[in-house]
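Colleague: give the three-dimensional model of this entry:
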Amino acid sequence: MCGIALVAGAGADRTRFQVMLDSLAPRGEVTETWCGPGVLAGTRRLPIVARERAVQPWRSADGRWLLCFNGEIFNQHQLRAELGSLGVELRGGGDTEVVLEAFRVWGPDAVRRFRGEYAFVIAEPATGWVYVARDPLGVKPLYWSRQGGCLHLASEVKALVQLGVPVSEVPPGYHGWASGTSDPALAAHCDLSRLGADEPMVTDPREAARMVRATLADSIRVRVDTDLTVGVILSGGLDSALTLLHVRQLHPDCVAFTVGAPGSEDLAYARRLTADLGVPHEVIELRPRDLDRSAIREAVRICELSEYGDIINAAVSVPLFRRVRECGVKVVLTGDGSDELFGGYSMYHQADPGTARRLFLHKIANLCRTELQRVDRASMGSGVEARVPFLDPALVSLAMRIPIELKLRDGQEKWIVREAFAEMLPGYIRTRPKNPMSHSAGLHERIRLYKPLFARWHRAFGYDLREPVRRDFSTVLTRCDHDLDRAVRDGAARTDYTAAEHTRDLLGAIRRNLTPVRA
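Modeller: As a prediction, this is how the structure comes out:
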C-alpha cells in the first residue's frame, strides 16, 4: 500500500517530482525512488506484505521494467504458485513482485487474473513507455496530467495541482499504455456494467441467502490474510457488524473502532456488540464543537471530494482514522459498499424494477469518486490501509443478479443480507434501521454550518482542476422526480447549489444547532 508518483518524458523535472512525492507523504512510512533518463518514479510505501523485501519501485531482474504498486493482490499465493510452475524465479517480494512477474509472463492480460484492490504503473525506462491499470471498482486511485512534454501520474489530485493543468482519472477497471509524448490509451479490462449480466438472476430467497453468505465470507477471508492486527470500522449498523463478526472468527487479533457523539445510538450499539463478542473497542467521541472551521477545511484538503454529502462524512472520518493509526493499526476493514449493492438508500425505494438495476450500476460506477474516495483519502491520510470486502467483484456480480424484491422487502432495506445472516446477527443489530453516518447527536448539522464554504476551499486547493464541487446525486435525483436518465444528464452538468439554496440550508442548520444536543 502506498502513494505513487511517476513522471515520464525527456523534460522530467526533479523538483516538481519531489513536490509530488512530498504531497503523498501521509500515505506511507518509507520514501523510495528511482530516477533515470526520461523516468522519475517513487512511492511513499506503507509496509504491509513482505515488509522488508518489497522495496519500490520494484525492478525486474533484467532491469527492463520497474513497478510502482499501490494496493493488495489477495490471490497472490495462487499466482505465485502458477508463476513458479512456469519456471519463473521469484525473489520474495510479496504481491508487488507477483504483479510485475505476472505482467512479464502474460502482458496486459495479467490484470484479468488479479483479485485485489490496486492501482499500479509499470514503466520501461529505455523506451519511456508506461503501462497503467486500476482495479474494477476503483478502490485504489490513479490520476494523470500532461505538462511540459511529460506525463505525470499520481495517487492523489493534490500531487498534480502544482502543474496548473487539468487532472484526469484512470477509470475503474481500465488499463492501457502511455508515454511522455502521448496520453494514456485506455480500455476496459473489467466492464462494471456487465457484472452479473451474463448469468441467471437468483430469485429463490434461500439460494440467494446461501450465495450471499458464502461470497461475503470468502471476501472477508482473503482480506484478513495478514500477520498484523486487523481493525474494523464499526458503526453499530448491519454491514460493519457483519464485518466484525466474520473478522473475529477468521482473525482473532482484531479491534473495533467507532466514532460518534457522546450518547449517540452508534456508540451504544457498537459498545453492546463488542462487549458481547469480547472484542477490544476504541471509541472516538466527537462533540459538535470539535468540528470547527479548521477541522472541516482540513477534511476538504485531505479528501479532495466533490459532493457535499461526502465532505460532511469525511469530516467525521478523518479523526476516526487518525485514532486508528495512533493505536498502531495499519489494516482495517469497513462495511462500505453494501448500501449501494443491496438497497440501503431511500432512493432505491422509489425505483421500479426496470430502473433499479441501472440505478444500482450508476451508484456503483461512481463509488470511485464518492464513498471509496472518502475512505481512501481519510484512511491513507493517516497511513492506514482500508479494505472493502462488500466491493469484491464477485459479491458485486452476485448482487446484480439478485432482484430488488429481495433487497427491499416487507419495508426493510437490505432484506436479503439480514436474511442470509439471521443466525449470526444479534437481534438488536439485525432489526436496527439504517442511521446514516454523522447524522446522530448533531454532528451532521454542525458540519452543515460550513457547507457554503466547501466549494471555495475546494477551489483554493486547486481540486477544481479535476472537477468542481457539485450537488449530491441524491438531491439531483429527487429534483428530477426520480427520472434516472434526466438525473444523470443534470448530474453531468456538475451544477452547484445556488446562493439561495445555500442560504436556506444554512438557516436550517443554524436553527437545528440552536437546539440543545448531548455534547
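Colleague: other residues contacting the host helix or strand of Thr15?
Modeller: Here Thr15 is covered by helix 14-23, with elements defined by DSSP states H and E. For helix 14-23, the external contacting residues (C-beta atoms under 8 Å, 6 or more residues apart in numbering) are 3, 5, 7, 31, 33, 35, 40, 42, 44, 152, 154, 156, 158-160, 162-163. Yep, even glycine has a C-beta here, placed from its N, CA and C like the rest.
Colleague: so Ile284 bridges to which residues?
Modeller: Beta bridges link Ile284 to Val259 when assigned by DSSP bridges.
Colleague: that one: neighbour count?
Modeller: 18 (other C-beta atoms under 10 Å).
Colleague: just the one 3 residues further on next, same as before
Modeller: Neighbours of Arg287 under the rule other C-beta under 10 Å: 15.
Colleague: ok, and the closest non-adjacent residue to Gln162?
Modeller: Val19 (5.5 Å; C-beta to C-beta, 6 or more residues apart in numbering).
Colleague: what about that neighbour, distance to Gly11?
Modeller: 16 Å (C-beta to C-beta, to the nearest Å).
Colleague: which one of these two has more residues nearby?
Modeller: Val19 (15 against 11).
Colleague: still on that earlier bit, so which elements touch the next helix or strand after the helix holding Thr15?
Modeller: Moving toward the C-terminus from helix 14-23, the next helix or strand (DSSP H and E) is strand 30-36. Counting by 3 or more C-beta pairs under 8 Å, 6 or more residues apart in numbering; DSSP states H and E, the packing neighbours recorded for strand 30-36 are helix 14-23, strand 39-45.
Colleague: what sits against Leu90?
Modeller: 80, 83-84, 97-98, 101.
Colleague: swap in 7 Å and give it another go.
Modeller: 80, 83-84, 97, 101 (C-beta atoms under 7 Å, 6 or more residues apart in numbering).
Colleague: let me have these in JSON lines, extended by secondary structure, neighbour count and pLDDT.
Modeller: Converted to JSON lines, those look like this (DSSP: H, G, I helix; E, B strand; the rest coil; neighbours: other C-beta atoms under 10 Å; pLDDT from 0 to 100):
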{"residue": "Arg80", "secondary structure": "helix", "neighbour count": "19", "pLDDT": "94"}
{"residue": "Leu83", "secondary structure": "helix", "neighbour count": "20", "pLDDT": "96"}
{"residue": "Gly84", "secondary structure": "helix", "neighbour count": "12", "pLDDT": "94"}
{"residue": "Glu97", "secondary structure": "helix", "neighbour count": "25", "pLDDT": "94"}
{"residue": "Glu101", "secondary structure": "helix", "neighbour count": "26", "pLDDT": "96"}
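Colleague: any chance of these in TSV, plus distance to Lys363?
Modeller: Below are the contacts of Leu90 laid out as TSV (distance: C-beta to C-beta, whole Å):
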residue	distance to Lys363
Arg80	35
Leu83	37
Gly84	41
Glu97	36
Glu101	36
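Colleague: returning to that earlier point: deepest of the helices and strands packed on strand 30-36, which one?
Modeller: Among those, ranked by average contacts under mean count of other C-beta atoms under 10 Å, first place goes to strand 39-45 (a mean of 27).
Colleague: what's that strand packed up against?
Modeller: Packing partners of strand 39-45 (3 or more C-beta pairs under 7 Å, 6 or more residues apart in numbering; DSSP states H and E): strand 2-8, helix 14-23, strand 30-36, strand 66-73.
Colleague: mind running it again at 8 Å?
Modeller: Strand 39-45 packs on strand 2-8, helix 14-23, strand 30-36, strand 66-73, strand 116-124, going by 3+ C-beta pairs under 8 Å, 6+ apart.
Colleague: give the contact list for the residue nearest the centre of the chain.
Modeller: Against the mean C-alpha coordinate of the chain, by C-alpha atoms, centre = their mean, the closest residue is Leu372 at 2.6 Å. Applying C-beta under 8 Å, 6+ apart, we find Leu372 in contact with 137-139, 336-337, 388, 391.
Colleague: can you confirm it is in a helix?
Modeller: Yes: Leu372 sits within a helix when classified using DSSP: H, G, I helix; E, B strand; the rest coil.
Colleague: quick check: it vs Val132, distance?
Modeller: Taken as C-beta to C-beta, the span from Leu372 to Val132 is 18 Å.
Colleague: doesn't Val324 make contact with Gly231?
Modeller: Yes: if you go by C-beta atoms under 8 Å, Gly231 and Val324 touch, sitting 5.6 Å apart.
Colleague: the residue nearest to Thr334 when sequence neighbours are not counted: what's it in contact with?
Modeller: Ranked by C-beta to C-beta, 6+ apart and with sequence neighbours excluded, the top spatial neighbour of Thr334 is Ile233, at 4.5 Å. By C-beta under 8 Å, 6+ apart, Ile233 lies in contact with 240, 256-258, 320, 324, 332-335, 386.
Colleague: same list, the residues you listed, but as TSV with secondary structure and pLDDT please.
Modeller: Shown next, in TSV, are the contacts of Ile233 (DSSP: H, G, I helix; E, B strand; the rest coil; pLDDT from 0 to 100):
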residue	secondary structure	pLDDT
Ser240	helix	96
Ala256	strand	98
Phe257	strand	97
Thr258	strand	95
Leu320	helix	96
Val324	helix	97
Val332	strand	98
Leu333	strand	98
Thr334	coil	97
Gly335	coil	96
Ala386	strand	97
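Colleague: closest to Pro125 out of these?
Modeller: Checking the contacts of Ile233 against Pro125 with C-beta to C-beta, the nearest one is Ala386 at 32.4 Å.
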